[in-house]
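Student: kindly return the folded structure for what I paste below:
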Amino acid sequence: MESNFISVMRDRLLNIKAAFEDVEMELETLHSVWDGTARYLAEDPVGSSSEYVFGLLNRFLLDVKVAKSLLFRKGLSFANEANAVLPHAYVGSIVATKFGSGIITALRVADKRIEVKFPWSREAYLAPSSILSAGSLVRCRRWGVGIIRETCYDVGFCDVRFSFGYGKIRVEELTLETSSNQEDLRLELLSGGFCIGDPVVTAFGCGHVQSIRGNPQCPAAILSVGLLASDPDIHGGERPCTATAFVSARHAKRKY
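Tutor: From the prediction side, this is the model:
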């Protein structure tokens, strides 16, 4: 009878062998690419690169960075096209949809369609509007009805606000709330006043509630709001927090 140690070591050796073969293939590809690059730059592919080539490549990278900064100031966004179709989600991410949770198998940028595989079907082609987003009323199996504040599909969670608080909920636990009294449920959820993390609109701009001084249900309560920049960062990511404003609850409106 073969020992457990031998079987484990055999499996590990096979994995190491497969990884080594992958590295060899990568090296062959790198050699081929370098050979073509060297010929283009009139360099000797066998010898070491000259300082001239390194200086040329560094200057090219600097020029690209400068051009990117100038174009960004003119309002050009550098967000990835696929990310523009569905932010914070990639192929393989689990997303919550109007038809239940499913796995993204493709992001079709050309016709703005998302290919999703559900447990009960082979595949489906959905519009971005079919994916649940911030503001969607959902039902959690354990905690009841809530409102999505932020989607984090790239890590498999959604930030959901409930009547008693908020939390990160796994996507698989969420379904779209389809009852006939949806608006009553939404009003009931928000009747408890402001909550930490609520997206709000103030006279100073949009932001999120960072802290609350006083009774959250009282219009005189003071909210500390982290204001967001009007534009995303230079890489097309999240809008950074640029300042903090202190406003009374009566002068802030929830952005749901």
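Student: count the neighbours of the nearest residue to Arg213 once chain neighbours are set aside for me.
Tutor: In this structure, Arg213 finds its nearest non-sequential neighbour in Ile222, 4.2 Å apart by C-beta to C-beta, 6 or more residues apart in numbering. Just so you know, the C-beta spots here come from the backbone N, C-alpha and C atoms, and that holds for glycine as well. Using other C-beta atoms under 10 Å, Ile222 has 13 other residues around it.
Student: please name the bridge partners of Ile222.
Tutor: Beta bridges link Ile222 to Arg213, Ser248 when assigned by DSSP bridges.
Student: quick one, what contacts it?
Tutor: Ile222 sits next to Ile212, Arg213, Gly214, Phe246, Val247, Ser248, Ala249 when contact means C-beta atoms under 8 Å, 6 or more residues apart in numbering.
Student: buried subset of the residues you listed?
Tutor: For the contacts of Ile222, a neighbour count by 16 or more other C-beta atoms under 10 Å gives the buried set as Ile212, Val247, Ala249.
Student: what sits against the second one?
Tutor: For Val247, the contacting residues are Thr202, Ala203, Phe204, Ile222, Leu223, Val225, taking C-beta under 8 Å, 6+ apart as the criterion.
Student: neighbour-wise, which of these leads?
Tutor: Val225 (26 neighbours).
Student: tell me the one of the buried ones among the contacts of Ile222 nearest Ser101?
Tutor: The closest of the buried ones among the contacts of Ile222 to Ser101 turns out to be Ile212 (C-beta to C-beta; 32.7 Å).
Student: how much space separates that closest one from Asp198?
Tutor: To Asp198, Ile212 is 9 Å away according to C-beta to C-beta, to the nearest Å.
Student: and Arg39, by the same measure?
Tutor: 59 Å.
Student: so between these two, which is more surrounded?
Tutor: Between Arg39 and Asp198, counted using other C-beta under 10 Å, Asp198 has the larger neighbour count: 23 against 11.
Student: find the nearest non-adjacent residue to the more buried one, please.
Tutor: Nearest in space to Asp198, with sequence neighbours left out and distances taken as C-beta to C-beta, 6+ apart, is Val209 at 4.7 Å.
Student: so the one you found sits right up against Thr202, yeah?
Tutor: No. Between Val209 and Thr202 there is no contact under C-beta atoms under 8 Å: 10.1 Å.
Student: shared neighbours of those two, anything?
Tutor: Val225, Ala252.
Student: circling back to that earlier point, need the buried ones among the contacts of Ile222 in TSV with distance to Asn4 and pLDDT, can you?
Tutor: Output for these, formatted as TSV (distance: C-beta to C-beta, whole Å; pLDDT from 0 to 100):
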residue	distance to Asn4	pLDDT
Ile212	57	87
Val247	65	88
Ala249	64	86
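Student: those residues into CSV, with extra columns for distance to Val66?
Tutor: Formatted as CSV, the buried ones among the contacts of Ile222 follow (distance: C-beta to C-beta, whole Å):
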residue, distance to Val66
Ile212, 44
Val247, 39
Ala249, 45
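Student: could you point out where the stretch 51-200 of the chain is predicted with low confidence?
Tutor: Scanning the stretch 51-200 of the chain for pLDDT under 70 picks out 68-69, 71-85, 109-110.
Student: so where do the strands sit in it?
Tutor: 94-97, 100-108, 113-117, 124-126, 137-140, 144-152, 157-162, 165-170, 174-176, 199-202 (DSSP state E, counting those that start in this stretch).
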